[in-house]
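**Student:** using only what follows, build the 3D model:
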Amino acid sequence: MQMIKYGILVLLFASSSYIGRLIAKKYQARVKELKEIKASLAIFSTKIKFTYEPIPQIFTELGNREKSNISQLFQTTVQKMKELPAGQAWIEALEKVDTNLKEEDKEVLTSLSNLLGKVDLEGQLSEIELVDHFLDKQIEIAQEERKKNEKMYQTLGITVGLAMVIIFL
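**Tutor:** Sure, this is the predicted structure:
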């Protein structure tokens, strides 16, 4: 009987610690995803500036780079571009794909849809540059939140786990 009790307590502690780490990992993933979007937009900007490739082709290449939420975002946009204009497809992909981005991050990225595929090359490049500057600010905010909250949630998970073990002992 004691072994079952101790087994349950260990499981309780481990699950509480794991939940704390999962929550902390979301902050890490957000920073990573924002940086990945920033890098993808740099590639997008370069490709439309120098190769004049169409947007669906560039997004397909960006979607095939690696397996991540952001590559899924570009793949979903390409799929939706078969039925919708590029800007609308981008917005719907942002809503559909499950990422670690917050609403304010998505609002910044939604602003990219305003001119996507609608204006000339210079207009698109200036819009990408504007979104890039906004992403810099979002990355800075995300890194501050990560520093502040990541350790807290890990510690909180362990502390709650220990508290429950002590209470049930």
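
**Student:** okay, CA-based contacts and neighbour counts for the rest of this
**Tutor:** Fine.

**Student:** what stretches of this structure score poorly on pLDDT?
**Tutor:** Residues of the chain meeting the criterion pLDDT under 70: 115-119.

**Student:** can you show me the strands along it?
**Tutor:** Counting by DSSP state E, the chain forms no strands at all.

**Student:** ranges for the helices of it?
**Tutor:** 2-50, 55-63, 69-81, 86-96, 103-110, 121-168 (DSSP state H).

**Student:** list the buried residues for the third one?
**Tutor:** Right, the one you point to is helix 69-81. Using 16 or more other CA atoms under 10 Å as the test for burial, helix 69-81 gives 69-78, 80-81.

**Student:** okay, the angle between it and helix 55-63?
**Tutor:** 160 degrees (axes from the mean of the first three to the mean of the last three CA atoms, to 10 degrees).

**Student:** before we move on, the earlier item: out of the helices of the chain, which one sits most buried?
**Tutor:** Of the helices of the chain, the one with the most neighbours on average (mean count of other CA atoms under 10 Å) is helix 69-81, at a mean of 21.

**Student:** ok, residues contacting that one?
**Tutor:** 33, 36-37, 56, 59-60, 62-65, 86, 89-90, 92-94, 97-99 (CA atoms under 8 Å, 6 or more residues apart in numbering).

**Student:** dump that helix to PDB, restricted to CA.
**Tutor:** Output of helix 69-81 as PDB, limited to C-alpha atoms (Å, rounded to 0.1, in the frame of the first residue of the first chain):
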ATOM      1  CA  ASN A  69       4.900  25.700 -37.400                       C
ATOM      2  CA  ILE A  70       6.200  28.500 -39.500                       C
ATOM      3  CA  SER A  71       6.900  26.300 -42.500                       C
ATOM      4  CA  GLN A  72       3.400  25.000 -42.000                       C
ATOM      5  CA  LEU A  73       2.200  28.600 -42.100                       C
ATOM      6  CA  PHE A  74       3.700  29.100 -45.600                       C
ATOM      7  CA  GLN A  75       2.500  25.700 -46.900                       C
ATOM      8  CA  THR A  76      -1.000  26.500 -45.700                       C
ATOM      9  CA  THR A  77      -0.800  29.900 -47.400                       C
ATOM     10  CA  VAL A  78       0.200  28.400 -50.700                       C
ATOM     11  CA  GLN A  79      -2.700  25.900 -50.500                       C
ATOM     12  CA  LYS A  80      -5.200  28.700 -49.800                       C
ATOM     13  CA  MET A  81      -3.700  30.900 -52.600                       C
END
